[in-house]
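Q: structure of the sequence below:
(one chain, ligands or ions: 1)
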Amino acid sequence: MARKAKAGREPVAESPPAAAEVRSAEPRAVDLLVWYDRHRRDLPWRAKPGETADPYRVWLSEIMLQQTTVAAVRPFYLRFLDRFPTVEALAAAPTDAVMQAWAGLGYYSRARNLHACAKAVVERHRGRFPGTEAELLTLPGIGAYTAAAVAAIAFDEPAAAVDGNVERVMSRVHTVDEPLPKAKPQIRALTEAIVPRERPGDFAQALMDLGATICTSKRPACALCPWMRPCRARAEGTQETYPRKVKKVEGQLRLGAAFVVLRADDSVLLRTRPPLGLLGGMAEPPTSEWTPDYATSQAMLDAPLEARWKRLPGIVRHVFTHFPLELTVFFAKVPRDATAPDGMRWTPRAKLGDEALPGSMKKVLVHALGALPNSLPSAGEIGQPSEPEEGEVGERSESGEGESRRRLTPKEARSEPGGGASGRSLPLGRERAEPQDREDGKDGPSPDPFQGAPSPAKGGGLGRASARGRGLKR
Ligand code: SF4
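A: Residues are numbered from 1 along each chain as shown. Below is the predicted model of the structure:
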């Protein structure tokens, strides 16, 4: 049965500790709960004091928040919930509609798993989420972290939900010197040891809020922390050195070309990627292979059709989980009667916002065409250096995914009532895309593709320039 959130400032099970006791003690759940009752963030998926938590909303938010900030998720969550208000509605939706609603959040296998999980809940559990960690773990796309978070927050199970924020807090409080990811079992055990039997759901959220708003990666606000006294890293002045991490090896830069074709009726050439693999099932303008040694001088061999192609100044950059990508964009206009090559289609520019375009491909279209209509900004445009998207090698483990979730600057965190971050929705336009998209900002704004664009090839010859142009081997 779904749990009811406790009213704020309600007396907790234990009485406040004496100062001397706190100084010498281990961190206590009761101190964190007292702090939470006063400083909890007001989040759209969070039950207010006295309300009953909705397992569907809790699960949906936890999946969306993996690798993404609260500020980035908020507009997506509200739009998604409006479109799919119940697990039954989500289960019954076509895959394309789910992918489209997810577009911009990155890590697209999460959307596929989300849909599969909704179907499983409806088929196996008659639309009711199971209430234990063990049962939740049997559902598609639910790993150890999500199972614990949903069990604790929605059903008040005493489960330890350990995400990146919690790892940071616990590793500091206990000065865990083992680097991540090896330290994960130790941190998990330390967290399990402190989960209270009373209010475990509030405790889980309190720990997440503490990591997001006070115990931040840089310059934690220790003076405001309910665990300031028992925190060992704070006593040593070594807070920012935790959690210890093994230096990450950056993926090798890949290069490629993207081809934006505008038909005279204001339609854009798109295709859908294969359902599995990198950006599976998402829409994109045709692109070449992406390889470390891609020769842009040979890009015309990969063009999807014959036309007078113009290479646009600047480069579109994007960072995937496992590699950074730089795409050179080519643009062409073709006549109204041009037909789409096999496996491709024309989408009216006014309807591009309805396509399931990942952040990387939105950047390509914005680079060539300017702002897209009816499109939410990608997660990267709101709160991250670049929208993370799943890499070719596979996604990070679930606990790893939590690493960047809810990580806000102290300024962001404190700028909202309750310490939360703002969920401003910004237009997707050149103004926001340029600093990230263009190499070192050297190239200035993209030229207007409608001024000085090459005229279409005579007769609108649309034979495929190369079979490679249709390939998706990456
Ligand atoms: S005292 Fe500082 S470092 Fe320690 S848990 Fe609190 S905010 Fe984090």
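
Q: how about the residues of this protein by the ligand?
A: For the chain, the residues in contact with the ligand (C-beta under 6 Å from any ligand atom) are 169, 172-173, 214-215, 220, 222, 225, 227-228, 231, 233-234, 239. Yep, even glycine has a C-beta here, placed from its N, CA and C like the rest.

Q: go again using 5 Å as the cut-off
A: Residues of the chain lying close to the ligand (C-beta under 5 Å from any ligand atom) are 172, 214-215, 220, 222, 225, 227-228, 231, 234, 239.

Q: need those residues in a markdown table (columns: secondary structure and pLDDT).
A: Shown next, in a markdown table, are the residues of the chain next to the ligand (DSSP: H, G, I helix; E, B strand; the rest coil; pLDDT from 0 to 100):
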| residue | secondary structure | pLDDT |
| --- | --- | --- |
| Arg172 | helix | 97 |
| Ile214 | coil | 97 |
| Cys215 | coil | 97 |
| Pro220 | coil | 96 |
| Cys222 | helix | 97 |
| Cys225 | coil | 97 |
| Trp227 | coil | 97 |
| Met228 | coil | 96 |
| Cys231 | coil | 97 |
| Arg234 | helix | 96 |
| Gln239 | helix | 95 |
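
Q: export those as TSV, with columns for neighbour count.
A: Formatted as TSV, those follow (neighbours: other C-beta atoms under 10 Å):
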residue	neighbour count
Arg172	26
Ile214	23
Cys215	27
Pro220	25
Cys222	17
Cys225	23
Trp227	23
Met228	18
Cys231	21
Arg234	20
Gln239	23
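
Q: closest one of those to Phe203?
A: Proximity of these to Phe203 (C-beta to C-beta) peaks at Trp227, which lies at 12.6 Å.

Q: quick one: contacts for the residue nearest to that closest one when sequence neighbours are not counted?
A: Spatially, and ignoring its direct neighbours in sequence, Trp227 is nearest to Pro27 (4.5 Å; C-beta to C-beta, 6 or more residues apart in numbering). Going by C-beta atoms under 8 Å, 6 or more residues apart in numbering, Pro27 touches 173, 194, 227, 230-231.

Q: quick check: which element contains Pro27?
A: Per DSSP states H and E: Pro27 is located in neither a helix nor a strand.

Q: ok, now Trp346?
A: Using DSSP H and E, Trp346 falls in strand 344-348.

Q: need the residues that contact that strand.
A: When contacts are defined by C-beta under 8 Å, 6+ apart, strand 344-348 is touched by residues 263, 265-271, 283, 286, 304, 340, 355.

Q: in it, what's buried?
A: 344, 346-347 (16 or more other C-beta atoms under 10 Å).

Q: can you name the secondary structure element that comes next after that strand?
A: From strand 344-348 onward toward the C-terminus, using DSSP H and E, the following helix or strand is helix 359-369.

Q: so what secondary structure elements neighbour that following helix?
A: Here helix 359-369 touches strand 254-263, strand 283-284, strand 316-319, strand 324-334, helix 379-383, helix 430-437, going by 3 or more C-beta pairs under 8 Å, 6 or more residues apart in numbering; DSSP states H and E.
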